[in-house]
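S.K.: model this:
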Amino acid sequence: MKALVIGGTGPSGYQIVERLLERDYDVTIYHTGAHELEFSRPVGHIHGDPREKESIQRDLKGGRFDVAVSTSGRLRYVVEALAGQVRKLVAVTGEGIYDGIFARAGQPTLPALIPEDAPKVTDAEKDRWGYMVRVGEEKVWELHRQGLFDATILRYPYVYGPYAYHPFDWYIVKRALDKRPHIILEADGLTHPHRGYSVNLAHACMLALEKPQSSGRTYNVGDERVLSLRRITMVIAEALGHTWDMVDMPLRLSPRRNPYARVQHIVFDLSKIKGELGYKDVVSVEEATARYALWLRDHPPTPGGLEELALGKSAFDYAEEDRALATWKEGLTAMGVSYEDYIASKSRPIGWPRAFQGDMRAM
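M.R.: Next up is the predicted model:
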């Protein structure tokens with residue numbers, strides 16, 4: 001059995017290749033060659049640019065595969081090149097297809113649980129990237145209906161794990177490694193960003209490849225449980241043996257923006273993939289978060305490199321952060337609240353408002 005993975009060296013792509021090798025597939029990866037990884041067994045390599053139509057058509061011409069997984073590149077060009085050359089295709093897209101996923105404060109937001117049939121981006125001028133994700137998915141279904149391959153689409157949330165292209169967790173991990181005494185959590189860290197650990201996403205991909213009922217279906221995928229930014233921060237600190245003050249600050253006033261701090265909760269509805277394919281996490285979200293924190297500790301991004309720049313040019317400008325915190329403390333003092341009492345209050349359970357406690361005891 002022959003398998004092709006478009007990408008194959010990213011966070012979930014690497015894990016997908018390993019699972020295909022475990023099943024004795026003859027695996028080939030198609031990628032730029034910019035990042036080379038060691039796999040448990042030899043894999044074939046096709047080097048090219050999976051973002052350019054001419055390169056894709058030239059590099060994949062004449063190849064025959066039993067299964068293919070597209071995790072990288074421009075999907076509409078990839079699937080055109082694979083039409084009639086592969087039996088089963090799993091196409092990975094993402095949250096960007098949903099209209100309003102990157103809403104700013106004051107704009108309409110998505111439902112608390114985002115189902116697969118939530119509104120999609122329709123305006124290329126408003127959101128070209130999200131619109132092109134939609135175009136790619138439509139091309140998949142066009143070719144699927146023509147019988148040129150059997151397709152399933154998986155929509156990823158934010159992907160974390162070894163080799164992640166945008167290591168959002170590094171924003172927290174580096175601060176812990178630098179022994180920062182505090183960390184600012186926008187909106188008290190209460191927003192919930194859906195994430196997908198690379199191992200869990202690869203498991204979902206294998207279910208889509210192997211379960212016949214996945215044919216012609218689109219699934220949201222991601223970790224079963226979604227941690228708040230505050231909980232993510234706590235798990236990372238605990239894994240690295242660090243403690244700090246977690247300081248609440250309004251999103252618009254924060255001098256740095258934690259990449260997980262969003263203006264709305266982003267939580268996928270996973271009921272479809274769980275009900276139809278029996279998806280369950282292979283690794284719990286807490287364990288996955290801790291594992292990745294330790295991996296980043298041992299494999300830190302290059303200072304000032306592309307991975308760090310993905311977090312923002314001044315993501316680690318601690319001097320500006322300290323100035324903002326000093327101003328915040330002055331504001332607390334003006335309100336008659338000491339910083340120490342403010343931090344201590346964070347560890348107390350919120351409970352019910354005092355006015356309701358009597359009524360609750362009577363129930």
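S.K.: Which residue ranges of the stretch 1-150 of the chain form helices?
M.R.: Ranges of helices in the stretch 1-150 of the chain, per DSSP state H, counting those that start in this stretch, are 11-22, 53-60, 75-82, 128-145.
S.K.: Output those as TSV; include the columns mean pLDDT.
M.R.: Formatted as TSV, the helices of the stretch 1-150 of the chain follow (pLDDT from 0 to 100):
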stretch	mean pLDDT
helix 11-22	97
helix 53-60	95
helix 75-82	96
helix 128-145	96
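S.K.: could you redo those as JSON lines and give each row distance to residue 293 and mean neighbour count?
M.R.: C-beta coordinates here come from the backbone N, C-alpha and C atoms, glycine included. Below are the helices of the stretch 1-150 of the chain laid out as JSON lines (distance: least, C-beta to C-beta, whole Å; neighbours: other C-beta atoms under 10 Å):
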{"stretch": "helix 11-22", "distance to residue 293": "15", "mean neighbour count": "23"}
{"stretch": "helix 53-60", "distance to residue 293": "36", "mean neighbour count": "16"}
{"stretch": "helix 75-82", "distance to residue 293": "31", "mean neighbour count": "23"}
{"stretch": "helix 128-145", "distance to residue 293": "29", "mean neighbour count": "17"}
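S.K.: Can you say which of those is nearest to residue 338?
M.R.: Smallest distance to residue 338 across the helices of the stretch 1-150 of the chain (C-beta to C-beta): 43.3 Å, for helix 11-22.
S.K.: about what we covered before: nearest to residue 227, of the helices of the stretch 1-150 of the chain?
M.R.: Residue 227 lies closest to helix 11-22 among the helices of the stretch 1-150 of the chain, at 17.7 Å (C-beta to C-beta).
S.K.: Output the helices of the stretch 1-150 of the chain as a markdown table; include the columns distance to residue 31.
M.R.: Output for those, formatted as a markdown table (distance: least, C-beta to C-beta, whole Å):
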| stretch | distance to residue 31 |
| --- | --- |
| helix 11-22 | 8 |
| helix 53-60 | 10 |
| helix 75-82 | 12 |
| helix 128-145 | 18 |
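S.K.: Nearest to residue 241 among these would be which one?
M.R.: helix 11-22 (24.9 Å).
S.K.: Other residues contacting the closest one?
M.R.: Outside helix 11-22, the residues within contact range by C-beta atoms under 8 Å, 6 or more residues apart in numbering are 3, 5, 7-8, 27, 29, 37, 39-41, 43, 67, 69, 71-72, 92, 156, 159-165, 196, 198-199, 201-203, 205-206.
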